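1. let's see this in three dimensions:
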Amino acid sequence: MNFAVLVFPGSNCDVDMYKAVVDTIEQPVEYVWHLETDLSKYDGILVPGGFSYGDYLRPGAVASLSPAMEQVKIAAESGKLVLGVCNGFQILTEAGLLPGALRRNQRLKFHCETINLIVENNQTPFTLEYEEGEKIRIPIAHGDGNYYCNEDTLNELEKNKQIVFRYEGKNPNGSVSEIAGIINQRGNVLGLMPHPERAVHKWLGSDDGKRMFSSILSYWRKQNGTA
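-> Numbers count the residues shown, from 1 in each chain. The predicted structure follows:
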């Protein structure tokens, strides 16, 4: 399974994402600059965290207009898997690939800590190896992670089981309905604020993120008859 890790001016979690693929599932992975106009060779696209374009206008707003993101839209429409983490989640919402928006944290402070999440939906390509309702520990590091959508959109997310992760106990940013991660209706584009790529070894404090990458690979292999 060939992976692309997109790199924008200001990305700073691209190396973490690259290493997570190598360390957890040992699949081919390449850094792809944001000006790339052909992503057809990649089976999975990873949009990492950081501060793309310095978070000017809004986090992810400028990056969402890059040539590479036009290709991400084409890839998503074809059914390929797309994972956006932290700033990557912000970019996916700004690009219209996921509903809602990410606002400033409720207390206007940057939060960096390891938190508890609840796996709300384990029937996605990204969560097949988790249990529904399972509590996992994943790091966060963001100042604009306050997920917001209107009531109608929230009802749709609930009805379609598009809420994949919720904060358990402490809500670090004020996200509506404790939402930490959502998926599109088709089920092939996931965005979340916590960093699974920073939780792939126990010596990092948690390896609960490892199963997200192995879930992706398992799903892809089943879809392509190589499982």
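
2. residue 60 touches residue 93, doesn't it?
-> Yes - counting by CB atoms under 8 Å, residue 60 does reach residue 93; the two are 6.9 Å apart. Every C-beta, even on glycine, is put in place using the N, C-alpha and C of the backbone.

3. give me the more crowded residue out of those two.
-> residue 60 (29 against 24; other CB atoms under 10 Å).

4. burial of residue 133, as a residue count?
-> Residue 133 has 9 nearby residues by other CB under 10 Å.

5. that one - that's part of a helix, no?
-> No - read with DSSP: H, G, I helix; E, B strand; the rest coil, residue 133 is coil and lies in no helix.

6. circling back to that earlier point, shared neighbours, residue 60 and residue 93?
-> Taking CB atoms under 8 Å, 6 or more residues apart in numbering as the criterion, residue 60 and residue 93 both touch residue 102.

7. how far away is residue 3 from residue 184?
-> From residue 3 over to residue 184 the distance is 19 Å, taken as CB to CB, to the nearest Å.

8. quick one: which of the two has more around it?
-> Of the pair residue 3 and residue 184, residue 3 is the one with more neighbours under other CB under 10 Å, namely 25 against 17.

9. my guess is the more buried one meets residue 29, correct?
-> Yes - here residue 3 reaches residue 29: they are 4.1 Å apart, a contact under CB under 8 Å.

10. anything in contact with each of these two?
-> By CB under 8 Å, 6+ apart, the residues touching both residue 3 and residue 29 are residue 21.

11. check the offset of stretch 101-121 from the chain's centre.
-> 13 Å (CA atoms, centre = their mean, to the nearest Å).

12. same question, stretch 213-227
-> 18 Å.

13. which other residues reach that stretch?
-> With CB under 8 Å, 6+ apart as the criterion, stretch 213-227 contacts 1, 20-21, 24-25, 27, 43-44, 81, 83, 124-130, 196, 200.

14. only the buried residues of it, if you could.
-> Using 16 or more other CB atoms under 10 Å as the test for burial, stretch 213-227 gives 213, 215-220.

15. out of these, the closest to residue 180 would be?
-> Taking CB to CB as the measure, residue 215 is the one of the buried residues of stretch 213-227 closest to residue 180, at 16.6 Å.

16. CA atoms of the helix or strand containing the closest one as CSV?
-> Residue 215 is part of helix 210-223 when elements are defined by DSSP states H and E. Extracted in CSV, the C-alpha atoms of helix 210-223 (Å, rounded to 0.1, in the frame of the first residue of the first chain):
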residue,chain,number,x,y,z
LYS,A,210,-0.7,2.0,16.2
ARG,A,211,-4.0,0.2,15.4
MET,A,212,-5.3,3.1,13.3
PHE,A,213,-2.5,2.4,10.8
SER,A,214,-2.9,-1.3,10.9
SER,A,215,-6.7,-0.9,10.4
ILE,A,216,-6.0,1.1,7.3
LEU,A,217,-3.7,-1.5,5.9
SER,A,218,-6.1,-4.4,6.8
TYR,A,219,-9.0,-2.6,5.1
TRP,A,220,-7.0,-1.9,2.0
ARG,A,221,-5.8,-5.5,1.7
LYS,A,222,-9.4,-6.8,2.0
GLN,A,223,-10.5,-4.4,-0.6
